[in-house]
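J.: coordinates for the following, if possible.
(chains A and B)
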2 protein chains.
Amino acid sequence: MTQSTRNSPLTGFARRWTLGAAAVIIVGCWAALATADDPLPSWNDGAAKQAIIDFVAKVTDEGGPDFVLPEQRIATFDNDGTLWVEQPMYTQIVFAFDRIKAGAADHPEWKTTEPFEAVLANDYQAVFAEGEQAGVKLLMLGHAGMTPDAFEQIVVDWLATAKHPRFQQLYTDLYYVPMVEVLQYLRANGFKTFIVSGGGIDFMRPWTDRVYGIPPSQVVGSCIEVKFAEVDGKPTLMRLPQANFVDDKAGKPVGIQRFIGQRPILAFGNSDGDFEMLEWTTAGDGPRLGLIVHHTDALREYAYDRDSMVGRLVRGLDEAKERYWILVSMKDDWKKIFKFEQN
Amino acid sequence: MTQSTRNSPLTGFARRWTLGAAAVIIVGCWAALATADDPLPSWNDGAAKQAIIDFVAKVTDEGGPDFVLPEQRIATFDNDGTLWVEQPMYTQIVFAFDRIKAGAADHPEWKTTEPFEAVLANDYQAVFAEGEQAGVKLLMLGHAGMTPDAFEQIVVDWLATAKHPRFQQLYTDLYYVPMVEVLQYLRANGFKTFIVSGGGIDFMRPWTDRVYGIPPSQVVGSCIEVKFAEVDGKPTLMRLPQANFVDDKAGKPVGIQRFIGQRPILAFGNSDGDFEMLEWTTAGDGPRLGLIVHHTDALREYAYDRDSMVGRLVRGLDEAKERYWILVSMKDDWKKIFKFEQN
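T.: Predicted coordinates for the structure are as follows:
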């Protein structure tokens, strides 16, 4: 009896209507809210907020000169420093350091071998002395030799307890509230939102849906090689210590082409690692919007750009104006940054 | 053993007949509804159709033992021979041959250079003598040295006029109506549908949304290298004559991992090129469904499997039963194949 109900196709049929009705109600509510309320309540009024609202208004204005079909409303977002905190060090590097520290007991030789020596001394400067590629190398070393499922579990477990040294919050609670509002606002207006990050694709995918509403297949990132094999008759994927793709700088438009297959009409970044993504996005025909989060708030978050070890912003700062890219000042444009703020 | 029982698509079907009067009434109601609102009207009643409907019913039955969250309802489909015709030759190879023929006037040396010589003689057998990888090599040669936009335009223009030698229809009209019904039925039940094809990703993306309702970012396929550069100050992507990824056989689970980042719960293929995808899909925990289009209809389409030059099906045929994969017989299970059929 219970079984029959469970397996009855009627259930699926009925559920479809329930889900459909719920979707209509949700979309309806959002429309009402967006009219009555502010779609970006954590943003202060100003040029940046207005630029986002104006852009959404014109690309969704059917019959208007700048109308863009929903299927072409692609928006790409960098992750580190754009959607969540990247100081004092990219979260994935902190994770990689922790992984190496955890394995050090089994590898006494690491105490005198670089980059392990520097990692064990928690010396970010030394590890990064050879450039940001050092970070990538570190990830290759520490994240391979296991199945994707096993790696995902390690990521999930680590994120469930590791805390940011300054904020003493879980890393996944350090997303920027104003940016999640932008993501939701765009999706409510027919956009499809993607992450295009220099970070590891498999480090992000376990939690981006929960935190940003971005499912795994809409996350583009750096990745290592994966190999398929039948092991004892069981189909298995194995992560190899070998880079497949570095999704940073000139790699970002390549990643967009390969994974998304469409040029975005809106891109949001924060460092020179995002320059080519913004350039590629805004050079397309029709309405385009490029935005840069400028970290100007030492009090509530961090203030950094030209001289920072991570998230360095030089060319983007110099050329934003001539390229009509919007510099979003965290200090001035964001009323609230984190969900745990008291105000 | 519990695993195999759970994976058996016949379980729900068989179980229903062991139930009491209530179940009979429910099944009766469904039959009445199915007449009025059959989600798969181009399918004949039978085990294959029932397996699909039962699977959808159980994974969408909230509270049931086999319920799957909507965000985990990932379904992957091969393209050539699964969603559209692949005989007498993969459409993309026909396209590649046409591209080479179009360029032959500028390359007199091709008349005596392989593989061009064989291509110009329309000799599929000779080109494929070195295996299916020959097709991939051909694509590298013929599809590079231009921007993705330029390539897309060539694809769109070719598909607008080229006709299938037997059916005398545009290739994009040679999709299988029953398969598009499956795609729509799955999406109406919260599934996200992906193509995972050995074919070139950029050859499919221009038209899969229009024909199948599958947007570019949900198409996984073989691809060549793309390079980003500023040319005369203009950001440009350029296609290089170099393979990046071959999305066939053991490459399919790798492509799924890299592009989708989740293991599918349903996979549909037609050749041994899809074996590993089906294997990977159905080896996961919880409810899983693997299906194979078996080309058994020489009259309305083609009949081929073990000895075919393209779309060869041997291992899939031998192992389908023990793996609980459903063999869909085109002749018996499909009431209608093409939209242009008179019946």
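J.: quick one: pLDDT of the closest residue to residue A:90 other than its chain neighbours?
T.: Using C-beta to C-beta, 6 or more residues apart in numbering or on different chains and skipping the chain neighbours, the partner closest in space to residue A:90 is residue A:80 (5.2 Å). Backbone N, C-alpha and C define where each C-beta goes, glycine included. Looking at residue A:80, its pLDDT is 98.
J.: count the neighbours of residue A:80 for me.
T.: Neighbourhood size, residue A:80 [other C-beta atoms under 10 Å in any protein chain shown]: 23.
J.: dig out what it forms beta bridges with.
T.: In this entry, residue A:80 is beta-bridged to residue A:84, by DSSP bridges.
J.: and it, how far from residue A:196?
T.: Separation of residue A:80 from residue A:196 (C-beta to C-beta, to the nearest Å): 11 Å.
J.: check residue A:313 too.
T.: According to C-beta to C-beta, residue A:313 stands 17 Å off from residue A:196.
J.: more neighbours: the two, which one.
T.: residue A:196 (29 against 26).
J.: next, the buried residues of the helix or strand hosting that one.
T.: Here residue A:196, judged by DSSP states H and E, is contained in strand A:192-200. Going by neighbour count (16 or more other C-beta atoms under 10 Å in any protein chain shown), the buried part of strand A:192-200 is A:192-200.
J.: hmm, it in reach of chain B?
T.: Yes - contact between strand A:192-200 and chain B, assessed by C-beta under 8 Å from any C-beta of the partner chain, occurs at A:192, A:194.
J.: what lies in contact with stretch A:38-58?
T.: A:33, A:64, A:66-67, A:177-178, A:181-182, A:185-186, A:188-189, A:266, A:287, A:289, A:291, A:326-329, A:332-337 (C-beta atoms under 8 Å, 6 or more residues apart in numbering or on different chains).
J.: what subset of those is buried?
T.: For the contacts of stretch A:38-58, buried by 16+ other C-beta under 10 Å: A:177-178, A:181-182, A:185-186, A:188-189, A:266, A:287, A:289, A:291, A:326-329, A:333-337.
J.: among these, which are in helices?
T.: A:177-178, A:181-182, A:185-186, A:188, A:333 (DSSP state H).
J.: can you give the domain ranges for chain A?
T.: A:1-37, A:44-87+A:174-333, A:91-159 (automatic domain parsing).
J.: for the ones you listed, give me TSV that also has distance to residue B:252.
T.: Shown next, in TSV, are the domains of chain A (distance: least, C-beta to C-beta, whole Å):
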stretch	distance to residue B:252
domain A:1-37	28
domain A:44-87+A:174-333	8
domain A:91-159	15
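J.: hey, which of these is tucked in deepest?
T.: Comparing the domains of chain A by mean neighbour count (mean count of other C-beta atoms under 10 Å in any protein chain shown), domain A:44-87+A:174-333 ranks first with a mean of 20.
J.: that domain: end-to-end distance?
T.: 5 Å (C-alpha to C-alpha, to the nearest Å).
J.: check the offset of it from the chain's centre.
T.: 6 Å (C-alpha atoms, centre = their mean, to the nearest Å).
J.: that older thread, keep the ones in helices among the buried ones among the contacts of stretch A:38-58, but drop any that are not near chain B.
T.: For chain B, no contacts are drawn from these by C-beta under 8 Å from any C-beta.
J.: adding pLDDT and distance to residue B:52, write these out as JSON lines.
T.: Formatted as JSON lines, those follow (pLDDT from 0 to 100; distance: C-beta to C-beta, whole Å):
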{"residue": "A:177", "pLDDT": "98", "distance to residue B:52": "43"}
{"residue": "A:178", "pLDDT": "98", "distance to residue B:52": "44"}
{"residue": "A:181", "pLDDT": "98", "distance to residue B:52": "40"}
{"residue": "A:182", "pLDDT": "98", "distance to residue B:52": "39"}
{"residue": "A:185", "pLDDT": "98", "distance to residue B:52": "38"}
{"residue": "A:186", "pLDDT": "98", "distance to residue B:52": "35"}
{"residue": "A:188", "pLDDT": "98", "distance to residue B:52": "33"}
{"residue": "A:333", "pLDDT": "98", "distance to residue B:52": "51"}
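J.: most widely separated two among those residues?
T.: A:188 and A:333 (20.5 Å; C-beta to C-beta).
J.: where does the prediction get shaky in the stretch 201-343 of chain A?
T.: Residue ranges of the stretch 201-343 of chain A with pLDDT under 70: A:343.
J.: near chain B, which residues of it are found?
T.: So the stretch 201-343 of chain A meets chain B at A:201-202, A:205, A:209, A:215-219, A:223, A:226-230, A:234-235, A:237, A:244, A:250-251, A:253-254, A:257-262, A:276, A:279-280, A:283 (C-beta under 8 Å from any C-beta).
J.: out of these, which sit inside strands?
T.: Using DSSP state E, A:219, A:223, A:226-230, A:234-235, A:237, A:244 are the members of those that sit in strands.
J.: out of these, give me the two with the largest separation.
T.: Pairwise distances among those were taken by C-beta to C-beta; the largest, 28.1 Å, belongs to A:219 and A:230.
J.: direction included, what does the strand holding residue A:196 pair against?
T.: Applying DSSP bridges, strand A:192-200 is found paired with strand A:74-77 (parallel), strand A:219-231 (parallel).
J.: would you turn the ones you listed into CSV with distance to residue A:123?
T.: Converted to CSV, the strands paired with strand A:192-200 look like this (distance: least, C-beta to C-beta, whole Å):
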stretch, distance to residue A:123
strand A:74-77, 31
strand A:219-231, 23
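J.: of all those strands, which one is nearest residue A:304?
T.: strand A:74-77 (19.3 Å).
J.: what does the closest one contact?
T.: A:83, A:179, A:183, A:186, A:191-196, A:220, A:256, A:260, A:262-269, A:277, A:281.
J.: hmm, try it at 6 Å
T.: Strand A:74-77 is contacted from outside by A:83, A:186, A:191-196, A:262, A:264, A:266-268, using C-beta atoms under 6 Å, 6 or more residues apart in numbering or on different chains.
J.: let me see the mean pLDDT of it.
T.: 98.
J.: and if you look at stretch A:48-56?
T.: pLDDT averaged over stretch A:48-56 gives 98.
J.: may I have that stretch exported as PDB, CA atoms only?
T.: Output of stretch A:48-56 as PDB, limited to C-alpha atoms (Å, rounded to 0.1, in the frame of the first residue of the first chain):
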ATOM      1  CA  ALA A  48      27.800  51.200  -8.900                       C
ATOM      2  CA  LYS A  49      24.400  50.100  -7.700                       C
ATOM      3  CA  GLN A  50      22.700  52.200 -10.300                       C
ATOM      4  CA  ALA A  51      24.800  50.700 -13.100                       C
ATOM      5  CA  ILE A  52      23.800  47.200 -12.200                       C
ATOM      6  CA  ILE A  53      20.100  48.100 -12.000                       C
ATOM      7  CA  ASP A  54      20.200  50.100 -15.200                       C
ATOM      8  CA  PHE A  55      21.900  47.200 -17.000                       C
ATOM      9  CA  VAL A  56      19.400  44.600 -15.900                       C
END
